[in-house]
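Engineer: Build the 3D model from these lines:
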Amino acid sequence: MKACLGIAATVLTLTASFASAEGVNLSWNDCGSAGTQNQTFACNINSGTSFPAFASFIAPAAVNEFLGLSSQIDIFTDQANLPDWWKHGTTQCRGTGGLAVSFDFTGGPSTCTDFYHGVAAGGFAYDVGFGNPARARLRIQAAVPVENRGPVPPPTEFYAYKVNLLLAKTTGTGSCLGCTNSACIVLNDIQLFQPLNVLNDPQIVNPANRNYVTWQSPAGGPTGCPLATPTRNATWGRVKSLYR
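Structural biologist: Predicted structure coming up:
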């Protein structure tokens, strides 16, 4: 009995430790466990409410002068080639009206903590056919003015950014095929940046709860979900121009 109690105590200790460990989350409609894994859509309208996916993070200890972040998301579907509905960009089928990224959480939700308080600036790039014809990669960067830097202590979960999947060109004349296909959206990493003299820009790759969401998909998503490709560390020099 004592041995069993000892094992149970060890398991509880490990569980508590894991629950407070650093990690990233990706969910539809809100952050972490407050959001959902799967999103469905009838693909029958071209305007209206967008579908927001929230990225969030729990930082490791000693990130006391957080300034900004860099992050990468991979998108792939159940098709051998990425469908047109998932092709965003000026020369792509959905153009620039199908995807938006936001760092403003002043209007809620408020489940996780908003570090930015409306002062973050940032941008994103969307690479169609990243690595192979079946995948796209979304790269996101954000920063606050240097005077707004501050701590992001664990185990608090902070909002990182929101990816809004818009409905343009979903149906009718000029529409892009592929909205009804199942897709997997994987949050590869979030790297946190501090001033150069701190010499500590941790890259967080492990999921806190779940690092992927699915679209039009049964549980488990397309084959290989949540498979993602390796990411590399960035430098603060790549994003420092975003803050002002």
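
Engineer: which secondary element of the protein has the worst mean pLDDT?
Structural biologist: helix 2-19 (a mean of 37; mean pLDDT, DSSP states H and E).

Engineer: For residue 197, which three-state class applies?
Structural biologist: The three-state label given to residue 197 by DSSP: H, G, I helix; E, B strand; the rest coil is helix.

Engineer: one step back: got the contact list for the helix or strand that the least confident helix or strand of the chain is followed by?
Structural biologist: Using DSSP states H and E, the helix or strand that follows helix 2-19 in sequence is strand 23-28. Counting contacts by C-beta atoms under 8 Å, 6 or more residues apart in numbering, the residues outside strand 23-28 that touch it are 31-39, 51-58, 73, 157, 160, 185-187, 189-190, 204-213. To be clear about C-beta, it is placed using only N, CA and C from the backbone, and glycine gets the same treatment.

Engineer: Separate out the buried members of those residues.
Structural biologist: For those, a burial check counting by 16 or more other C-beta atoms under 10 Å picks out 31-32, 34-35, 37, 39, 51-58, 73, 157, 160, 185-187, 189-190, 204-205, 207-213.

Engineer: quick one: which of the residues you listed sit in strands?
Structural biologist: In this view, the buried ones among the contacts of strand 23-28 that belong to strands under DSSP state E are 39, 51-58, 73, 160, 185-187, 189-190, 204, 212-213.

Engineer: Ignoring the adjacent residues along the chain, who's closest to the spatially most central residue of the chain?
Structural biologist: Central residue of the chain (C-alpha atoms, centre = their mean): residue 55, 3.6 Å from the mean position. Distances taken as C-beta to C-beta, 6 or more residues apart in numbering put residue 160 closest to residue 55, at 4.3 Å, once the chain neighbours are dropped.

Engineer: Tell me where the chain is predicted with low confidence.
Structural biologist: For the chain, applying pLDDT under 70 flags the ranges 1-20, 218-224, 226-244.

Engineer: ok, now with 90
Structural biologist: Within the chain, the ranges that satisfy pLDDT under 90 run 1-21, 77-78, 217-244.

Engineer: tell me which residues form a beta bridge with residue 163?
Structural biologist: Residue 163 has these beta-bridge partners by DSSP bridges: residue 53, residue 101.

Engineer: any idea how far the residue nearest to residue 55 lies from residue 132?
Structural biologist: 27 Å (C-beta to C-beta, to the nearest Å).

Engineer: and what of residue 27?
Structural biologist: Taken as C-beta to C-beta, the span from residue 27 to residue 132 is 26 Å.
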